[in-house]
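1. output the structure for:
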Amino acid sequence: MDASPINDSIEVQPPVKAPMWAWATATFFGIGTLRPGPGTWASLATVLLWWSFAHRLSHTTQYSIAAVLALAITLIGIPAATLVARASGRKDPSIVVIDEVAGQLVAMIGAPAAWKPLVVAFVLFRIFDIVKPPPVRGLEKLPWGTGIMIDDIGAGLYALIFVQLLLRFGILG
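-> The predicted model follows:
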């Protein structure tokens, strides 16, 4: 008989590999590896990419394109985040930042492609993503990539509401 203790309750699973598309998507092409604050870097990259693209569009087109992009990124991000989370063995690994990309886009829906609204959308989204006011924190409990993505969509919705109120009352220009 072997003298080493055996714990039959521990289930050992073989390592799971995620495909390259999932790593590229979930980490937003490697931005998720930046330190410190990979989520902040991903949000900042999203704002800069959106600004470089959106200021060439009409205001009404910007709104619909931001919404469609946020939806598409969410739908692609859920399976990518799931695969990478399973491969890393963590429910919500910090390298997965595609959720910040989608949430930041939601925060910018309806915001003019000008520096003040975009900076305010960035700051508010980061605050709501970190603080996770109700019911956003509860959305994290959804399974795998769904929970990873949807809580950031919730934070983006909070930021969207506040940005729109600030715009409506003329505080942002």
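
2. give me the low-pLDDT residue ranges for the protein?
-> 1-15 (pLDDT under 70).

3. list the buried residues of the helix ranked longest in it.
-> Counting residues, the longest helix in the chain under DSSP state H turns out to be helix 59-88. Across helix 59-88, burial judged by 16 or more other C-beta atoms under 10 Å covers 62-63, 65-66, 69-70, 73-74, 76-88. (Each C-beta comes from the backbone N, C-alpha and C, glycine too.)

4. what's that helix packed up against?
-> helix 20-26, helix 38-54, helix 98-108, helix 144-168 (3 or more C-beta pairs under 8 Å, 6 or more residues apart in numbering; DSSP states H and E).

5. can you pull the contacts of the residue nearest to residue 63 when sequence neighbours are not counted?
-> Excluding the flanking residues, the one nearest residue 63 by C-beta to C-beta, 6 or more residues apart in numbering is residue 110, at 5.2 Å. By C-beta atoms under 8 Å, 6 or more residues apart in numbering, the contact set of residue 110 is 63, 66, 160, 163-164, 167.

6. one more pass at 10 Å, please.
-> Residues near residue 110 by C-beta atoms under 10 Å, 6 or more residues apart in numbering: 59-60, 62-63, 66-67, 117, 121, 160, 163-164, 167.

7. farthest-separated two in those?
-> 60 and 121 (18.0 Å; C-beta to C-beta).

8. ok, residue 27 to residue 171 distance?
-> 35 Å (C-beta to C-beta, to the nearest Å).
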